[in-house]
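In: quick one: sequence and predicted model below, then my questions.
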Amino acid sequence: MAKHSIKVASVAPKLNKDSAVVVALTEKNSKLAVAENLIALGLTAEHDLGKLGAKNSSDSTTRVPGPNGSVIVLLGGFESGNLDAIRHAGGTIGRNLNEFRQVYFDIALRNEDEAQALLEGYAIGHYNYDSYKTGVKKVVPQGCTLLTKLKIKPATLTRVEILSSAVHDTRNLVSMPANDLYPQSFVTEVNKLVRGAKLTVTVLDEKKLAAGGFGGLVGVGKGSIRPPRLVKLEYKPAGAKFKLALVGKGITYDTGGLSLKPAASMLGMKYDMTGAATVLNAIIAIARLKVKVHTTAYLCLAENMPSGTATRPGDVIKVRNGKTVEVTNTDAEGRLVLADGLALASEAYPDLIVDVATLTGAQRIALGARYAGLMGDESAVNKVLKAAKAAGELAWHMPMPDELRSLMNSDIADMQNAKVGNTAGGMLFGGIFLREFIGKRSANSSQTIDWAHLDIAGPADNDGAGYGYIPKGASGSYVRTLITIAEQSAK
Ligand code: BES
Ligand code: ZN
Ligand code: ZN
């Protein structure tokens, strides 16, 4: 786990061999070192930064010797006025300068928003998952100081700390292997993470789930010797006017069940609880930030295993809202546990439901590894898009075509969970299935609750090299989007 302390100072520091000073390359000083801050650091106009190998492209960090054994880092890709680029530039530094005990940003910023973006990117990017590595740890505790004359509110630094912890804690949970992370141990992790936050936690175990009619969670979980759980977290600040529900898919491992995945597709399925980790850390951050929105998170936790007690293809289960589902494919399990979660969330009549799930391989095929697929009601979708844009996270609005609804028809039950042999529009089918479990706005309303669904099968995991503030592996993406949705709903 990465450790850092973030400060702001207006005067230049005493440098030593443990310090790095980060300066931004701009169009102007990428050609020649004429920027005043570079000269102050000992680089003169004679230095041709091009010949030093410095590039003004994102993710480029060129190191040159600085005063007193320090290192000057020439950071490319910094674009004044572009908060996303600034966040990623900060992340590139956080990700690449692990060996320094002190990092100083000596970069001209226009305003506090830019300062927040730079520090947020740095803090989120300064991350390394080494819980399972023995021997020397790669990341040393690091101090980061922003050198600026701008006035930075303490709340801004607190926000950076809260957001980056939420992202790191999400990555930590997602990276934990499934031999250690299963529904009950997930609950243990929840109890550790919520310490100090004003949240109430309720856990439904397998007995309560069966008694409560949660046939999705029970049906998916019964192939495993490690039984399912549903965790409800509630944050209810005084005076809140908006009620937000967050629902997360928490399959701690997805073998596919009896509709077993081939070996190569199974690897990586410890990531299948990313949705639950995302909504968990979002609600913790929402509480820590004291956002004035009544927020409830539902974590739908189960392990999808094949065994003598597993649900068979063709079995019929009954979900919390009373609807029956023929399980034609036990590998389409996420929608079954979410069906229970969405139905339960609906019972409290929230103003908005957002679910987050690594739901379909089709999402990854359609949109790749950086965009989430976003479906749902128009107003909900617009809220998510607006928040994602502000957070700098990528989501793409996908349709829910009516023609697909009939593919869900089952011969014997209310619906089936997958159309066997028909992979067309797989991501959209997932969204259309989930929609069936969104309840009405009140006991006597005919309108359904505003709902949006984020399929994050692709962006949950960055299987390429790290970039900006995103490391290789668990991305921790969409935690900040959810927090921003809450913040924007408080207005
Ligand atoms: N967890 C998978 C989706 C997934 C695939 C996430 C690849 C991340 C990477 C999900 O439970 C699943 O297996 N979905 C099936 C649905 C199908 C059987 C209708 C899929 O996408 O193949
Ligand atoms: Zn599956
Ligand atoms: Zn799954």
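Out: Structure received. Ligands and ions are numbered 1, 2, ... in the order given.

In: quick one, what contacts Asn353?
Out: In this structure residue 353 is Ile, not Asn. 245-247, 342, 345-346, 380, 438, 449-452 (CB atoms under 8 Å, 6 or more residues apart in numbering). To be clear about C-beta, it is placed using only N, CA and C from the backbone, and glycine gets the same treatment.

In: try 6 Å
Out: For Ile353, the contacting residues are 245, 345, 449, 451, by CB atoms under 6 Å, 6 or more residues apart in numbering.

In: in strands only, show me these.
Out: With strands taken from DSSP state E, the overlap with these comprises 245, 451.

In: just the buried residues of the contacts of Ile353.
Out: Buried by 16 or more other CB atoms under 10 Å: 245, 345, 449, 451, out of the contacts of Ile353.

In: the first one bridge partners, please.
Out: Here Ala245 sits in beta bridges with Thr296, Ile353, as judged by DSSP bridges.

In: name the element Leu157 belongs to?
Out: Using DSSP states H and E, Leu157 sits in helix 154-175.

In: I'd like the next helix or strand past that helix.
Out: helix 183-193.

In: report the buried residues of stretch 450-466.
Out: 450-462, 466.

In: residue of the stretch 101-250 of the chain nearest ligand 1, please.
Out: In the stretch 101-250 of the chain, the residue that lies nearest ligand 1 is Lys249 (8.0 Å; CB to the nearest ligand atom).

In: and that residue, how far is that from Arg63?
Out: 42 Å (CB to CB, to the nearest Å).

In: please say which of those two ends up with more neighbours.
Out: Lys249 (32 against 15; other CB atoms under 10 Å).

In: can you confirm that one is in a helix?
Out: No: looking at Lys249 with DSSP: H, G, I helix; E, B strand; the rest coil, it is strand, so not inside a helix.

In: ligand 3 contacts on the chain?
Out: Proximity of the chain to ligand 3, by CB under 5 Å from the ion, involves residues 251, 254, 272, 334.

In: my read: Ala418 touches Glu333, true?
Out: No: if you go by CB atoms under 6 Å, Ala418 and Glu333 don't touch, sitting 9.9 Å apart.

In: contact partners for the residue of the chain found nearest ligand 2?
Out: Nearest to ligand 2, among the residues of the chain, is Asp331, at 3.8 Å (CB to the ion). Counting by CB under 6 Å, 6+ apart, Asp331 touches 256, 259.

In: how deep is the residue of the chain found nearest ligand 3 tucked in, by neighbour count?
Out: The chain approaches ligand 3 most closely through Asp254 (3.7 Å), counting by CB to the ion. By other CB under 10 Å, 27 other residues sit near Asp254.

In: measure it to Asp340 for me?
Out: Taking CB to CB, one finds Asp254 at 17 Å from Asp340.

In: likewise for Ser379?
Out: 25 Å.

In: give me the more crowded residue out of the two.
Out: Remark: of Ser379 and Asp340, Asp340 carries more neighbours, 31 against 11, as counted by other CB under 10 Å.

In: what's the helix or strand harbouring that one packed up against?
Out: Here Asp340, judged by DSSP H and E, is contained in helix 334-347. Contacts defined by 3 or more CB pairs under 6 Å, 6 or more residues apart in numbering; DSSP states H and E place helix 334-347 against helix 215-221, strand 243-254, strand 294-304, strand 352-357, helix 426-435.

In: how far is the fourth one from where the chain is centred?
Out: Read that as strand 352-357. In terms of CA atoms, centre = their mean, to the nearest Å, the centre of strand 352-357 is found 13 Å from the chain centre.

In: okay, buried residues for the next helix-or-strand element following it please.
Out: Tracing the chain C-terminally past strand 352-357 and defining elements by DSSP H and E, one meets helix 361-367 next. By neighbour count on 16+ other CB under 10 Å, the buried set for helix 361-367 is 361-364, 366-367.

In: okay then, goodbye and thanks.
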